[in-house]
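Student: The following comprises the amino acid sequence and a computationally predicted model.
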Amino acid sequence: MPAAALKTKPSPTQSTVKRPVLFDSPYEPVAKLPLPAGRPREWYVTHNRRLKAMRLAIALLDSGVYLPDQARNETIRGAAEEIGMRPPSDTTCHMVRAFMRYSR
């Protein structure tokens, strides 16, 4: 049997990257502006959660995770550790998958 016939096709959720993608570290954050005053506390919590979810979604895309099904909570938390961020909550992980799903 030829060697090509023995090669298995990767599953749709398996990364096909030949080498690991390196993150651009150290990361230099942009100068932050103060948030607008007078909003309810929940607005600020949601705003910061969205920003964190977007940063994580970008980091996952840079590392070769392109589908929301590939981004399990462990994968997202590993990416957060890789870029020096606190581990996200389950709600933030859900939001990361939502960003990846609806960006298409």
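Tutor: Here it is on my side, so go on.

Student: Buried residues of the longest helix along the chain, list them for me.
Tutor: Longest helix in the chain by number of residues, with DSSP state H as the criterion: helix 41-62. For helix 41-62, a neighbour-count test (16 or more other Cβ atoms under 10 Å) marks 52-53, 55-57, 59-61 as buried. To be clear about C-beta, it is placed using only N, CA and C from the backbone, and glycine gets the same treatment.

Student: shouldn't Ala71 be in contact with Val65?
Tutor: Yes. Ala71 lies in contact with Val65 (Cβ atoms under 8 Å); the separation is 5.4 Å.

Student: what's the distance between the residue lying closest to Ile76 once chain neighbours are set aside and Tyr44?
Tutor: Leaving out its chain neighbours, the residue that sits closest to Ile76 by Cβ to Cβ, 6 or more residues apart in numbering is Cys93, at 4.8 Å. Using Cβ to Cβ, to the nearest Å, we find Cys93 at a distance of 20 Å from Tyr44.

Student: now swap in His94 and tell me
Tutor: From His94 to Tyr44 the distance is 19 Å (Cβ to Cβ).

Student: Asp62 now?
Tutor: Asp62 is 27 Å from Tyr44, by Cβ to Cβ.

Student: Ala57 too?
Tutor: From Ala57 to Tyr44 the distance is 20 Å (Cβ to Cβ).

Student: How about Leu60?
Tutor: For Leu60 relative to Tyr44 (Cβ to Cβ), the value is 25 Å.
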